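>>> output the structure for:
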Amino acid sequence: MTGGDLDVLVLAGGLSAEREVSLASGRRVVAALHEAGVHAEAVDVGADLLDVLRRRAPDVVWPVLHGAGGEDGSLVQVLELVGLPVVGSAAGPARTAWDKTAAATVVAHAGIAVPRAVTLSHTVLRDLGAAGILPHVSRSLPPPVVVKPVHGGSSLGVGVVRHESELARAMMAALGHDSSCRVEQLVSGVEVAVAVVDDGQGPRALPPVEIAPDSGAYDYEARYTAGATEFHCPARLPDDVLARVQERSVVVHRELGLARLSRSDWIVDAAGEPWFLEVNTSPGMTGTSLLPQAVVAAGESLPHLYRALAEAAADAGAAAPGPDPAGSHTPAGQVTDVLSGS
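Numbers count the residues shown, from 1 in each chain. So this is what the prediction gives:
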């Protein structure tokens, strides 16, 4: 299917804490697709989404929602149920990637370095007593450590603990954003992000982006405030290290079963060893986001790549088999019937 014949519905907004970032990403994706000659429209996801899908019956849907609902596989699951091709990963792999502990476990089994960590739920801390548990956490993982929500993005609820006395407050901050928190060994080095894209020719890694926030912390403000962070693409690392982190980003993409696009975050230590932190299945597409920077640094055209991703997703959807015995897949051509209940 060619770009001019393609109808893409971009899903943005939603109700997560990252709503405004998602809306900005959606506008950027639509603008790039228009520049590439693709018919595209963005909709703010709400209770009327199924009605919108019924009216439009687009060729392909591109979710650019960030945070819960958009990246945890639940929205994609609905799109799969109604038989719409999606630019992005299937629901199952997205769900695994959304869980930082689950993703780290898969990646570690592939032989990639992952920081030591402990994951604790709010329920366990409440029922067994946080005061008794925290000293054991500190003995197992002495500061400095990073505390983060197990689910979530944009560095919301993430904090660095350098003294044991700070651990309880940092965990409370993380649990304010999620039901579980992850206490993770702090690895010092160069922070880089590597986007992986697959426009139908197999996954390939774009140039790594080095992240150097003025404040020293790549938090929400540093991510989305123009000028608050200095970026270098490609990262200022030796060529063999750049190749290593790119290769491992493709391994992460494959091992987790991801599709079309992902972005892996890493710390490269003084010895040139990349340490995996997390992976994002719906990378930001704003003016300060990392994936668009990497595309430009690679000498590629954003409009051309976005069109190729949408075309590949549409073609894959058209080639998908009919319903399986469990009824978990519906051919794209039946979307209107499914949504109308006929």
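>>> show me what contacts the residue minimising distance to the centre of the chain?
Note on the chain: the residue nearest the mean C-alpha position is Asn280, at 1.8 Å, using C-alpha atoms, centre = their mean. Residues near Asn280 by C-beta atoms under 8 Å, 6 or more residues apart in numbering: Glu71, Ala97, Gly153, Ser262, Arg263, Ser264, Asp265. C-beta coordinates here come from the backbone N, C-alpha and C atoms, glycine included.
>>> which stretches of the stretch 201-342 of the chain form strands?
Assigned by DSSP state E, counting those that start in this stretch, the strands in the stretch 201-342 of the chain fall at 204-205, 209-213, 229-232, 261-268, 274-280.
>>> so which elements touch the third one?
With contacts taken as 3 or more C-beta pairs under 8 Å, 6 or more residues apart in numbering; DSSP states H and E, strand 229-232 sits against strand 209-213.
>>> which positions in the strand it packs on come out as buried?
Residues of strand 209-213 classed as buried under the neighbour-count rule (16 or more other C-beta atoms under 10 Å) are Val209, Glu210, Ile211, Pro213.
>>> now stretch 82-97
By 16+ other C-beta under 10 Å, the buried positions in stretch 82-97 come out as 82-91, 93-97.
>>> repeat for stretch 97-108
Residues of stretch 97-108 classed as buried: Ala97, Trp98, Asp99, Lys100, Ala102, Ala103, Ala104, Val106, Val107 (neighbour count, 16+ other C-beta under 10 Å).
>>> tell me which of the contacts of Asn280 has the lowest pLDDT.
Minimum pLDDT for the contacts of Asn280 is recorded at Gly153 (69).
>>> all strands for the stretch 1-150 of the chain, in order.
So, for the stretch 1-150 of the chain - with DSSP E, counting those that start in this stretch - the strands run 7-12, 39-44, 60-63, 117-121, 145-149.
>>> now the angle from the last one to strand 261-268?
An angle of 160 degrees separates the directions of strand 145-149 and strand 261-268 when computed by axes from the mean of the first three to the mean of the last three C-alpha atoms, to 10 degrees.
>>> what separates strand 145-149 from the chain centre, distance-wise?
How far strand 145-149 lies from its chain's middle: 18 Å, per C-alpha atoms, centre = their mean, to the nearest Å.
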